[in-house]
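*Asks:* Next one to model:
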Amino acid sequence: MSFAPSIRPVAPLPTRDGVGPSVVALPEGNWPTMLDFLVERFPAIARSTWLERIAARTVVDERGEPVTPTRRYQPRLRLFYYRALGPEPDLPEYETVLHRDADLVVVDKPHFMPVTPSGPYLQQSLLVRVKRALGIDALVPLHRIDRATAGLVLFSANPATRGRYQSLFIDRAMRKEYEAIVHWPHGTTLPATYRSRLQPDAHFMRTQEVPGEPNAETHIEALEVRGGHARLRLSPVTGRKHQLRVHCNALGVPIVNDEIYPLLKPFGPDDFARPMQLLACKLAFVDPVTGAPRAFASARSLAGWPAAA
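*Replies:* Modelled structure (predicted):
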């Protein structure tokens with residue numbers, strides 16, 4: 001979960017099959033050619049593959065000038081190219097578009113699908129799938145939720161109004177509500193509000209709590225207890241990476257099937273039968289363009305529990 005993504009440079013290559021070009025900045029260095037830099041920078045991509053892309057004129061600089069096999073290295077430029085992957089893993093479920101207008105698209109995301117291309121997912125990422133389905137090349141996510149989390153994602157469809165909707169997240173004017181199924185030791189009690197200071201962990205996949213002024217705040221309500229599990233309503237005020245997962249774990253009630261907290265599981269294929277039990281179920285805000293109140297609710301539910309009312 002995070003606030004609005006940073007603005008990317010305008011790309012000199014068009015969107016292709018729902019996917020915009022990737023970009024790499026050229027640092028100071030002594031590579032003889034741009035091709036030599038690309039081969040060293042991306043060791044998993046063969047030199048022959050870069051030569052094929054160059055021959056197809058799909059590697060260009062920020063001015064749209066093509067890279068050639070012999071073009072000399074020039075630091076402080078940006079190169080654009082199309083990312084390519086082999087066959088992508090199949091996913092057990094796909095997204096549902098809940099709302100579309102001239103400014104916004106609201107999508108109900110399943111577990112295991114990344115919001116933007118990452119890892120082995122490109123065409124199967126939510127952004128690319130919705131771009132292709134709706135034919136909106138300008139689509140940009142206004143926030144993100146973890147690949148392991150299901151639920152609502154809000155997209156901007158109109159660059160002219162995008163900043164006004166991004167401000168809802170920056171100014172904490174977007175009311176976000178999640179549900180989680182957590183492990184519930186006997187005798188557990190939870191505070192109505194939990195605050196702590198979060199920062200990146202030594203492992204890039206994790207976030208940790210540290211002493212200091214809190215920079216993360218979550219409102220918490222226990223909705224139902226069933227034996228060793230409980231269903232919680234979580235309302236994050238801030239939007240730090242993995243905030244809800246870290247806060248639940250810190251309170252002794254880690255989210256069911258969380259593969260990062262409390263213990264980082266070894267990397268391996270997804271177990272689609274065990275989705276993490278976290279759902280981004282509601283978004284509500286005053287529309288900054290029309291002034292009207294707006295609210296959206298996910299149609300999904302967590303395993304064995306009713307959908308959000």
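*Asks:* What segments of the protein are helices?
*Replies:* 34-41, 47-55, 126-134, 162-170, 243-250 (DSSP state H).
*Asks:* Just put the ones you listed in CSV and tack on mean neighbour count.
*Replies:* Yep, even glycine has a C-beta here, placed from its N, CA and C like the rest. Listed next are the helices of the chain as CSV, based on neighbours: other Cβ atoms under 10 Å:
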stretch, mean neighbour count
helix 34-41, 18
helix 47-55, 15
helix 126-134, 20
helix 162-170, 17
helix 243-250, 23
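*Asks:* Out of these, which is closest to Ala25?
*Replies:* helix 34-41 (10.2 Å; Cβ to Cβ).
*Asks:* how many degrees apart are the closest one and helix 47-55 in direction?
*Replies:* Following axes from the mean of the first three to the mean of the last three Cα atoms, to 10 degrees, one obtains 140 degrees for the angle between helix 34-41 and helix 47-55.
*Asks:* Touching helix 34-41 from outside, list them.
*Replies:* Under the contact criterion Cβ atoms under 8 Å, 6 or more residues apart in numbering, helix 34-41 has outside partners 24, 26, 29, 31, 45, 47, 50-51, 54, 59, 67, 69-74, 79.
*Asks:* for this protein, longest strand please?
*Replies:* Identified as the longest strand of the chain according to DSSP state E is strand 216-226.
*Asks:* what is the orientation angle of that strand with helix 243-250?
*Replies:* 60 degrees.
*Asks:* What residues sit buried inside strand 216-226?
*Replies:* Ala216, Glu217, Thr218, Ile220 (16 or more other Cβ atoms under 10 Å).
*Asks:* Just the buried ones from the contacts of helix 34-41?
*Replies:* For the contacts of helix 34-41, buried by 16+ other Cβ under 10 Å: Leu26, Trp31, Trp50, Ile54, Val59, Val67, Leu79.
*Asks:* now, which of those residues sits nearest Gly86?
*Replies:* Trp50 (16.5 Å).
*Asks:* I'd like the distance between the nearest residue to the closest one once chain neighbours are set aside and Gly29.
*Replies:* The shortest distance from Trp50 to any non-neighbouring residue, by Cβ to Cβ, 6 or more residues apart in numbering, is to Leu38 (5.3 Å). Between Leu38 and Gly29 the distance is 12 Å, computed by Cβ to Cβ, to the nearest Å.
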